[in-house]
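In: my questions are about this predicted structure, shown below with the sequence.
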Amino acid sequence: MLLGSAPTIAKQDKNPPILVDAGNLTAQWAQDVSQDLDRELMKIRPAPREILPNGLVQIRFEVADGHPVNVRVHRQSGYRWLDRQAVRSVERLNNMSDIPYTADNTRTVQANIITARDEDAFRDLHDELIAVEEARMASSGPDRTVIALNPGSRRAG
């Protein structure tokens, strides 16, 4: 009986290994989907006698077969109409590519949507969003792994 370990043989490839940064791929995916969502958000039109409100709404969903599923309001804006329009905009996204490096593509995605009538309102809502997102990222729970989408913000007027 022989005891010991077999020698390790390493194959030397002519080509260096390809290193893939999952963070960069996920960030690119989020940027691409944010641009698609921005196009959908631009279709929002308030009723003739109403103006688009100052608001921050967060919509969460997962992606299955290139489409958003389980779309829901995570944080309400205070305006039911705006919340419904934000959900509809997310639901209209289609042909999304798979989320990079997710075994079952069930990572939660969060769309951060701001509408503002002027620069001051935008700045206030943007500061509020930064504080909320910093707290989310500092958490140790599952919210930390949510992929954030930040489409261009809509300024009303």
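Out: Good, I have the coordinates.

In: just the strands in this structure please.
Out: All strands of the chain, identified by DSSP state E, fall at 55-64, 67-75, 109-116, 147-149, 154-155.

In: quickly note the distance from residue 129 to residue 116.
Out: 11 Å (Cβ to Cβ, to the nearest Å). Just so you know, the C-beta spots here come from the backbone N, C-alpha and C atoms, and that holds for glycine as well.

In: so what pLDDT did residue 25 get?
Out: pLDDT recorded at residue 25 is 84.

In: burial measure for the closest residue to it other than its chain neighbours, as a count.
Out: Once flanking residues are discounted, residue 25 sits nearest to residue 100: 3.8 Å by Cβ to Cβ, 6 or more residues apart in numbering. A count of nearby residues for residue 100, using other Cβ atoms under 10 Å, gives 19.

In: pLDDT at residue 100, what is it?
Out: Residue 100 is given a pLDDT of 77.

In: one step back: who has more neighbours out of residue 129 and residue 116?
Out: Counted by other Cβ under 10 Å, residue 129 and residue 116 do not tie: residue 116 has more neighbours, with 22 against 19.

In: can I assume the more buried one is in contact with residue 122?
Out: Yes - if you go by Cβ atoms under 8 Å, residue 116 and residue 122 touch, sitting 3.6 Å apart.

In: distance of the closest residue in space to residue 144 that isn't next to it in sequence relative to residue 146?
Out: In space, and not counting its chain neighbours, residue 144 is closest to residue 137: 6.2 Å by Cβ to Cβ, 6+ apart. Distance of residue 137 to residue 146, given as Cβ to Cβ: 9 Å.

In: who has more neighbours out of these two?
Out: Under the criterion of other Cβ under 10 Å, the comparison of residue 137 against residue 146 puts residue 146 first, with 17 against 11.

In: contacting residues for that one?
Out: Taking Cβ atoms under 8 Å, 6 or more residues apart in numbering, we find residue 146 in contact with 60, 107-110, 136.
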